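> sequence-free structure coming up:
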C-alpha cells in the first residue's frame, strides 16, 4: 500500500516557521515526497507528527489527506 501524502490542499508556507500551514512539511520535504522511498516518507511523517505535537494545530494532530480508501 502506498504511503499517502499528508497534503490537505492548504498550501501556504508560513514565513516564520518555513512550514506549510496545511501539512506542516518543509519545502524540501514537499519537493522530495514524490520520489522518496517508503522509509523516507515514514521519516517525514514522523517529523510532521512531532511538529504537530509542539505547535498550534487546527487538526489536533490528525493527519489529513484526500485518500479515497479511508
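That came through fine. Because the structure is predicted, anything quoted here is derived from the model rather than measured.

> now name the helix or strand holding residue 30.
For residue 30, the host element (DSSP states H and E) is helix 27-33.

> can you pull out the residues in contact with that helix?
With contact meaning Cβ atoms under 8 Å, 6 or more residues apart in numbering, helix 27-33 is reached by 5, 7, 13, 18, 20, 23, 25, 40-41, 44, 47. Yep, even glycine has a C-beta here, placed from its N, CA and C like the rest.

> out of the residues you listed, which is most surrounded?
residue 23 (26 neighbours; other Cβ atoms under 10 Å).

> could you look up the SS state of the nearest residue to it once chain neighbours are set aside?
Closest residue to residue 23 in three dimensions, ignoring its sequence neighbours and counting by Cβ to Cβ, 6 or more residues apart in numbering: residue 6, at 4.3 Å. Here residue 6 is recorded as coil under DSSP: H, G, I helix; E, B strand; the rest coil.

> mean confidence for the longest helix belonging to the chain?
Identified as the longest helix of the chain according to DSSP state H is helix 38-54. The pLDDT scores in helix 38-54 average 93.

> for the helix or strand bottoming out on mean pLDDT in the chain, which helices and strands make contact with it?
Among the helices and strands of the chain, helix 38-54 carries the lowest confidence by mean pLDDT, DSSP states H and E, at a mean of 93. Helix 38-54 is packed against helix 27-33, with contacts defined by 3 or more Cβ pairs under 8 Å, 6 or more residues apart in numbering; DSSP states H and E.
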